[in-house]
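A.B. asks: What follows is a predicted structure for the sequence shown.
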Amino acid sequence: MEKRNLFTTLRKWARAIKRDAHVLYLAARDPRVPWYAKVLALFVAGYALSPIDLIPDFIPVIGLLDDAIIVPLGILIVIKLIPSDVVAEHRATAAAASERPVSRIAAVVIGTLWLGLFGVAAWMTYRYFAA
């Protein structure tokens, strides 16, 4: 029974982090937010949503700690820099957006683009060093 509560708590925490990353993205585009908060918001949201990590996840313990510490801490700092009424407005928008269906086609297209870019970079690297 205790495992189920832990799992539910972790799931809620992960959803809140994802929602707040979306809030930061929305806030970074809002004219009511100070410029320094916008810059930090874009950096944190970009890091949170990026498939590329500062410390790769395959490194034991440390690889997962960056996602578990850096992102929530960055989100907390940026949320403190943004006016509370703006945060509340964007949280409502982000919550509504998370209830919309997910486009699997878009995920496949984006994944294909990343693979294509990786393939081009690998081919160019091979041609550079093979010549």
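C.D. replies: Looks like it arrived, so ask away.
A.B. asks: And the protein, what are its domain boundaries?
C.D. replies: Here the domain parsing of the chain from automatic domain parsing is 2-100, 103-131.
A.B. asks: what mean pLDDT would you report for the last one?
C.D. replies: The average pLDDT within domain 103-131 is 88.
A.B. asks: One more: the longest one?
C.D. replies: Mean pLDDT, domain 2-100: 82.
A.B. asks: hey, where'd the helices end up in this structure?
C.D. replies: Assigned by DSSP state H, the helices in the chain fall at 2-28, 35-49, 62-65, 71-81, 84-98, 104-130.
A.B. asks: got these as TSV, with distance to residue 56 and mean neighbour count columns?
C.D. replies: All C-beta atoms are positioned from the backbone trio N, CA, C, and that covers glycine. Converted to TSV, the helices of the chain look like this (distance: least, C-beta to C-beta, whole Å; neighbours: other C-beta atoms under 10 Å):
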stretch	distance to residue 56	mean neighbour count
helix 2-28	19	15
helix 35-49	14	17
helix 62-65	5	12
helix 71-81	15	17
helix 84-98	27	14
helix 104-130	15	10
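A.B. asks: Identify whichever of these lies nearest to residue 55.
C.D. replies: Residue 55 lies closest to helix 62-65 among the helices of the chain, at 5.3 Å (C-beta to C-beta).
A.B. asks: Tell me the gap between that closest one and the middle of its chain.
C.D. replies: In terms of C-alpha atoms, centre = their mean, to the nearest Å, the centre of helix 62-65 is found 16 Å from the chain centre.
A.B. asks: Tabulate the CA atom coordinates of it in CSV.
C.D. replies: Extracted as CSV, the C-alpha positions of helix 62-65 are listed here (Å, rounded to 0.1, in the frame of the first residue of the first chain):
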residue,chain,number,x,y,z
ILE,A,62,24.5,11.7,-10.7
GLY,A,63,22.8,11.4,-14.1
LEU,A,64,19.3,11.4,-12.6
LEU,A,65,20.1,13.9,-9.9
